[in-house]
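Visitor: Sequence and predicted model, in that order:
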Amino acid sequence: MINSISLTNRKEQRFRSLAFLTVILIYLVILAGGIVRSTGSGMGCPDWPKCFGRWVPPTEISQLPANYQEIYGAKLKGEVTFNAVKTWIEYANRLLGVLSGFFVLATLIASLTYLRKDNTIVWGSIAALLLIGANGWLGSRVVATELAHYMITIHMFLAIAVAFALLFILVRSNAARLTVERLGITSQRWLLVVALSLTLGQIILGTQVRDSLDEVVKQLGYAQRDNWISNLNWQFYIHRSFSLVLLVFHLVVIYQLRKLTTVGWLANLTKALISVVVIEIGTGVLMAYFGVPAIAQPIHLLLALVMVGLQFSIWLLLTPAMLVSNHRYKESRLVEV
């Protein structure tokens, strides 16, 4: 019996480790997507799933047919000649996407150890696999629509949904390490819901700013990077101003969360949240006043999505009914042991 329990514990620990690594990989895919966008490499591979008709992309123009511009010209988005750097940036993004799919599949297989103990974890893993499969297909549609802005936005939000599914099973699988005491935490949960909604709204507005920036870049070119911001429309100024509103609101959220506990998971995630908010605003300032450096754009996006992931995870911790299916976890204050 002891050996059986020990084996089960090891399997569960492997699952938690794998789920955590898969979450990290999903965020790396998001970062890679941001790099693709900031470098203008979205059509570095003008076809899908192959790249210039090859499973291994070309590294130099001599590996392409002489009439490649005639074949792919309509999709090269202004690239007069083959650009190996952009091609491999886009292809690396695709490879990371495929790798993340395998990790999600492995997470699902590993979750079967919870089939009798808590099948919600298995269903969450299935949801993550279906979502990442749908997002992989959507990636092909992004290429097919030649980087239509609305498709890119949907692609990003589906990636958030994948991250949420994985975060749910990761937090839930650690529920055995948490106990709950009677004490109302309804107000903190609602604050997290509002914070999550406001942040998602800010992200949507940010995608609109990014679309406007794309148009400015087409008009001015990369040589006039310092003039990009001054040519943006009203959406940028609302996006910039609203970041201060988010900062103030998050300070209120942090204050309320710190009332619950100063140690353990909740405290650590709370500290991480305020750090990410501050750094996120810092990268926004960097882009607004220092010529939109290319490295800042994908980091800015990544931090925004890490922020909503932290908000969602904290909300789960404050919602015991979302963590376990039995009644010994009651709706109240979280205390960690």
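Guide: Ah, there it is.
Visitor: Isn't L25 up against L95?
Guide: No - counting by C-beta atoms under 8 Å, no contact exists between L25 and L95, whose distance comes to 11.6 Å. (Each C-beta comes from the backbone N, C-alpha and C, glycine too.)
Visitor: Look at these two and report which has more neighbours.
Guide: L25 (19 against 13; other C-beta atoms under 10 Å).
Visitor: Could you list which residues are in contact with the spatially closest residue to the more buried one that is not a sequence neighbour?
Guide: Leaving out its chain neighbours, the residue that sits closest to L25 by C-beta to C-beta, 6 or more residues apart in numbering is S100, at 4.8 Å. Counting by C-beta atoms under 8 Å, 6 or more residues apart in numbering, S100 touches 22, 25-26, 28-29, 132.
Visitor: which of the residues in the helix or strand where S100 lies are buried?
Guide: For S100, the host element (DSSP states H and E) is helix 84-111. For helix 84-111, burial by neighbour count (16 or more other C-beta atoms under 10 Å) applies to 86-94, 96-97, 100-101, 103-108, 110-111.
Visitor: Which pLDDT value belongs to S125?
Guide: Listed pLDDT for S125 reads 94.
Visitor: residues touching P298, list them.
Guide: 31-35, 37-38.
Visitor: Secondary structure and neighbour count added to these, as a markdown table?
Guide: Listed next are the contacts of P298 as a markdown table, based on DSSP: H, G, I helix; E, B strand; the rest coil; neighbours: other C-beta atoms under 10 Å:
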| residue | secondary structure | neighbour count |
| --- | --- | --- |
| L31 | helix | 19 |
| A32 | helix | 21 |
| G33 | helix | 24 |
| G34 | helix | 21 |
| I35 | helix | 21 |
| R37 | helix | 20 |
| S38 | helix | 21 |
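Visitor: Okay, Y150 and T207: tell me how far apart.
Guide: Distance of Y150 to T207, given as C-beta to C-beta, to the nearest Å: 9 Å.
Visitor: Of those two, give the one with the bigger neighbour count.
Guide: T207 (18 against 10).
Visitor: Thought H155 was touching the more buried one, still the case?
Guide: No - if you go by C-beta under 8 Å, T207 and H155 don't touch, sitting 10.6 Å apart.
Visitor: What is the neighbour count of the nearest residue to R225 once chain neighbours are set aside?
Guide: Distance criterion C-beta to C-beta, 6+ apart; nearest residue to R225, sequence neighbours excluded, is G291 at 4.7 Å. Per other C-beta under 10 Å, the neighbour tally for G291 reads 15.
Visitor: same deal with A163?
Guide: 24.
Visitor: do V29 as well
Guide: 24.
Visitor: and the gap between it and Y68?
Guide: V29 is 28 Å from Y68, by C-beta to C-beta.
Visitor: What pLDDT does the model give the closest residue to A161 other than its chain neighbours?
Guide: Counting by C-beta to C-beta, 6+ apart, A161 lies nearest to L131, which is 5.2 Å off, once chain neighbours are set aside. With respect to pLDDT, L131 has a value of 94.
Visitor: Isn't L131 up against A165?
Guide: Yes - counting by C-beta under 8 Å, L131 does reach A165; the two are 5.9 Å apart.
Visitor: Could you check which of the two has the larger neighbour count?
Guide: It is A165, of L131 and A165, that has more neighbours when counted by other C-beta under 10 Å, with 24 against 20.
Visitor: Mind telling me what element that one is part of?
Guide: Using DSSP H and E, A165 falls within helix 149-173.
Visitor: Could I get the buried residue list for that helix?
Guide: Buried, per 16+ other C-beta under 10 Å, within helix 149-173: 151-153, 155-156, 158-160, 162-173.
Visitor: Mind giving me the packing neighbours of the helix or strand that the helix holding S100 is followed by?
Guide: Using DSSP H and E, the next helix or strand after helix 84-111 towards the C-terminus is helix 119-144. With contacts taken as 3 or more C-beta pairs under 8 Å, 6 or more residues apart in numbering; DSSP states H and E, helix 119-144 sits against helix 84-111, helix 149-173.
Visitor: just for the stretch 201-337 of the chain, where's the confidence low?
Guide: Applying pLDDT under 70 to the stretch 201-337 of the chain flags residues 261-263, 320-337.
Visitor: hey, where'd the helices end up in it?
Guide: Taking DSSP state H, counting those that start in this stretch as the criterion, the stretch 201-337 of the chain carries its helices at 234-258, 264-289, 296-317, 320-323.
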